[in-house]
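A.B. asks: I'd like to go over a predicted model; first the sequence, then the structure.
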Amino acid sequence: MAGSQDMFDGIVMADERFHGEGYQKGYEEGSSLGMIEGRQYGTLHGAKIGSEIGCYQGFAFAWRCLLHGCATEKDSKKMKVLESLIRMIQKFPYDDPTYDKLHEDLDRIRGKFKQLCSLLNVQPDFKISAEGSGLSF
């Protein structure tokens, strides 16, 4: 009787054992695929943010050169906002993806950029596409 009970225990416990082994294998494979997918997503998202910030920086440097010789009061306000945007871009934490205020700082840069565009009376359209990214007017 004890031998037959051990045989049935093996059958009953096989279900739990196979479930545990299947779970472990699935967990390991899912973790591996999740890392790969997360890395790809992070790379793509980081590239988009970098491209956006780069366009803002190029825009700001170009307008700083254009406004450098102007001395009117209206242009001095433009220069203050422009210099503020450049400082914000230079302080942006490019190399720290764990920075907790990354999106807040990015939103502030976007807001300052919109303010500058309003002062300059330009209507930019930032686009990210398969061909590349950039500003158009």
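C.D. replies: Now that the structure is in, tell me what you want to look at.

A.B. asks: in the helix or strand containing residue 117, what's buried?
C.D. replies: Per DSSP states H and E, residue 117 falls inside helix 102-120. Within helix 102-120, the residues that qualify as buried are 106, 109, 112, 113, 116, 117, 119, 120, counting by 16 or more other CB atoms under 10 Å. Yep, even glycine has a C-beta here, placed from its N, CA and C like the rest.

A.B. asks: Quick check, the third one in contact with residue 81.
C.D. replies: Yes - contact status for residue 112 versus residue 81: in contact at 6.8 Å, counting by CB atoms under 8 Å.

A.B. asks: can you give me the strands for this protein?
C.D. replies: 125-129, 132-136 (DSSP state E).

A.B. asks: Comparing those, which yields the minimum mean pLDDT?
C.D. replies: Mean pLDDT is lowest for strand 132-136 among the strands of the chain, at a mean of 55.

A.B. asks: which helices and strands sit right next to the longest helix along the chain?
C.D. replies: The longest helix of the chain (DSSP state H) is helix 2-67. Counting contacts by 3 or more CB pairs under 8 Å, 6 or more residues apart in numbering; DSSP states H and E, helix 2-67 packs against helix 73-91, helix 102-120, strand 125-129, strand 132-136.

A.B. asks: Let me know the angle separating it from helix 102-120.
C.D. replies: Here helix 2-67 points in a direction 20 degrees away from that of helix 102-120 (axes from the mean of the first three to the mean of the last three CA atoms, to 10 degrees).

A.B. asks: start at 19 instead
C.D. replies: From this message on, residue numbering opens at 19, which makes the last subject helix 20-85.
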